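K.L.:
sequence first, predicted model second:
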Protein chains: 2
Amino acid sequence: MSWIRATYRVWASAEEVAAVARQIAVEQTVEVPDALIDETIEAEFVADVTAVHRTPEGNASDVVLDYRSELACGHLNQLINLVFGNVSLRSDTRLIDLELPADVLSQFPGPNYGVAGLRELLTAHDRPLLATALKPRGRSNAEFAAMAGEFAAAGGDLVKDDHNLVDRDLASFRDRVVRCQEAVTNANERSGNRALYIPHLMARADQLDAAAAIVQDAGVRGVMVAPYLLGLDWVRAFAVRSGLLILAHPTFTGSLFAGSRHGIQKSLALGTLLRLAGVDVSVFTNHGGRFQFTRAECLDLAERLRAPLGSLAPAWPSPAGGMTLDRMGDLVRDYGNDSVMLIGGALLTHGTSIYDATRAFRAVLDR
Amino acid sequence: MSWIRATYRVWASAEEVAAVARQIAVEQTVEVPDALIDETIEAEFVADVTAVHRTPEGNASDVVLDYRSELACGHLNQLINLVFGNVSLRSDTRLIDLELPADVLSQFPGPNYGVAGLRELLTAHDRPLLATALKPRGRSNAEFAAMAGEFAAAGGDLVKDDHNLVDRDLASFRDRVVRCQEAVTNANERSGNRALYIPHLMARADQLDAAAAIVQDAGVRGVMVAPYLLGLDWVRAFAVRSGLLILAHPTFTGSLFAGSRHGIQKSLALGTLLRLAGVDVSVFTNHGGRFQFTRAECLDLAERLRAPLGSLAPAWPSPAGGMTLDRMGDLVRDYGNDSVMLIGGALLTHGTSIYDATRAFRAVLDR
């Protein structure tokens, strides 16, 4: 017998919290009044309340529940349904930790590349990686290809589509993918670099496979996806069948962690769960940029992405949003070598060319 | 030229709000510093700030943005990415309204059945519908089939799997589906009722098509799905290709609307967006039950599900959670005839049998 351990922070009085803990244990497993729970169902299905700890602040408690592992059915749709399905609808209740046993973890192959695999692909062994996004929407595919080529020639590592580069039809998607991949391949050949072009795999659900075929036909090695729009288990299955490098964009995820008294920790939403989905690089909004996240929660996320998790490869944290050259030194000290610095607007506005800007950022990362 | 109109409530001072409105307009479309936005990109891509109204409370403003319709690319993944992608990560910003023009709406066929179609299927022309859930997990499939048969024989309308009935393998899913469908068919034949069995379509992403084939081979007419786990556009595409009745469960959706100062309105998350995804029946946690939602927001959701929306059929609101017999009269007055009363635990604990309990609830709905 093995257990999935979920910890919920519950804002309730010390008197009420035991009852709330039991309510969650029942709600997430059998969802019936206690009168209908016989001894077999209690023993085999209802989660166990393992601990209730009052938090130091004194206005909340951390409720630790153990769920029988087989209730997760070996896939992410049901794992999330189990630990954060109906409870997502409870006020003053937040999923703050999730511990998965070996037999659950072994059902998830995890990132195809992870930290070591991507370093090998790029032959970048001992420095943070440099990434950028092709933007703004409205430029031609030829212009994007030229930008991608410049970035690759100057020593950039990952050049991805901006997440708003979404096409009305597959023909225009193919056009961008083929042009950008060719530009990066050519720049790599001339410069000796090994940069990767990462298109945004985003289409109608019934055209995603056709879009993926375009990507693979073009010789692309990795894609960006929006896991919480496409479905986390769709991403997991896609990572397995494609073998591609998977970069995750945080679009649409904010309400999962933006509140303080509901939702789930950012480090779970963009960390642990994405690693289970096979994500190699998790892009997130950095502290001190355009969005309001604290340094502590960003570092907690980076830690989760790289911490031991069964035999799953560590994944790359990729801070983004308001990443300027003068912050690079501090950010590298914060996030360490195994991180992908995603520079968007600052690369396009720094100096006279993307080439020069890329060289300037690479110089900081090489130090 | 047509426009998608999104309204965001922004908690910012009256002095700051114009700048925030512009930030959102740029963030959601081209995501670059203003210096990189030339006149063509401004005209063709950046959203227009159409209005900024101070709310009566005075601590927030409603910011109305118009996006060019073609930026949504005719699918839900990108529509959501456009109006609630990165902005989901902003504190103190909530999507409170969404108006879609005719050319966008015409790209979405909407519910396969809707209110009129389901009434015809059930031959239930002028009363609210009665639904229940098979629970608790832990009962055998034979027991679930017997419960489904009793409910159908007594005049129930929709009997669905509880959302925690998820199977480790497709064989056990098939076993439940075949047994329950057979029990309902037999009960209908004996009683003259037209009840429907609605299994929960939930499996690994790479097995969803096989699970759907099981459902359709068994002669089932509708399924329950978890749209925000499987992906809204996956549901849209599945509704189109299957032609089935689609009932949506709100699992995992709470953090979208549980906060008051971020996320999106419940009526959009479980109303408008689900109708675009082809959902016929939207289950939601009712006010006064186990979850904390107000009567006003529940009625707002019910209204959205049935209000005119291009040529899309109206969908059914299905309040659930803490639905007891003594509340039925009030709830019917609140939600009106075109609603599905989903009675879970109360049906199992009321009186001596599911048959009698179903009769009792139907008697209230028939009045």
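P.N.:
Looks like it came in fine.
K.L.:
pull the distance from stretch A:13-28 to the chain's centre.
P.N.:
A distance of 31 Å separates the centroid of the chain from that of stretch A:13-28, by C-alpha atoms, centre = their mean, to the nearest Å.
K.L.:
please apply the same query to stretch A:159-170.
P.N.:
Counting by C-alpha atoms, centre = their mean, stretch A:159-170 comes out at 18 Å from the chain centroid.
K.L.:
pLDDT of that stretch, averaged?
P.N.:
Stretch A:159-170 comes out with an average pLDDT of 94.
K.L.:
can you give me the buried ones in it?
P.N.:
A:159-167, A:170 (16 or more other C-beta atoms under 10 Å in any protein chain shown). For glycine as for every other residue, the C-beta is placed from the backbone atoms N, C-alpha and C.
K.L.:
quick check: the farthest pair among those residues?
P.N.:
Using C-beta to C-beta, the buried residues of stretch A:159-170 span at most 21.2 Å, a distance reached by A:159 and A:170.
K.L.:
so how far is residue A:280 from the closest residue to residue A:115 other than its chain neighbours?
P.N.:
Nearest residue to residue A:115, sequence neighbours excluded (C-beta to C-beta, 6 or more residues apart in numbering or on different chains): residue A:314, at 4.6 Å. Note on residue A:314: its distance to residue A:280, by C-beta to C-beta, to the nearest Å, is 10 Å.
K.L.:
ditto for residue A:226
P.N.:
With C-beta to C-beta as the criterion, residue A:226 and residue A:280 are 15 Å apart.
K.L.:
who's more crowded, the two?
P.N.:
Set residue A:226 next to residue A:280 and count neighbours by other C-beta atoms under 10 Å in any protein chain shown: residue A:280 wins out with 29 against 25.
K.L.:
can you pull the contacts of that one?
P.N.:
Counting by C-beta atoms under 8 Å, 6 or more residues apart in numbering or on different chains, residue A:280 touches A:111-114, A:117-118, A:222, A:245-247, A:313, A:315-316.
K.L.:
what pLDDT does it get?
P.N.:
Taking residue A:280 on its own, its pLDDT is 98.
K.L.:
which phi and psi does it have?
P.N.:
phi -90, psi -30 (degrees, to the nearest 10).
K.L.:
so what's it closest to, chain neighbours aside?
P.N.:
What sits nearest to residue A:280 in space, not counting adjacent residues and going by C-beta to C-beta, 6+ apart, is residue A:111, at 4.3 Å.
K.L.:
ok so that neighbour is a helix residue?
P.N.:
No. Judged by DSSP: H, G, I helix; E, B strand; the rest coil, residue A:111 forms no part of a helix; its state is coil.
K.L.:
tell me the contacts of it?
P.N.:
Residues in contact with residue A:111 (C-beta under 8 Å, 6+ apart) are A:117, A:239, A:246, A:275, A:278-280, A:312-315.
K.L.:
in TSV, list those along with secondary structure and distance to residue B:151.
P.N.:
Shown next, in TSV, are these (DSSP: H, G, I helix; E, B strand; the rest coil; distance: C-beta to C-beta, whole Å):
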residue	secondary structure	distance to residue B:151
A:117	helix	53
A:239	helix	41
A:246	strand	44
A:275	helix	42
A:278	coil	41
A:279	coil	43
A:280	coil	48
A:312	coil	44
A:313	coil	49
A:314	coil	50
A:315	coil	47
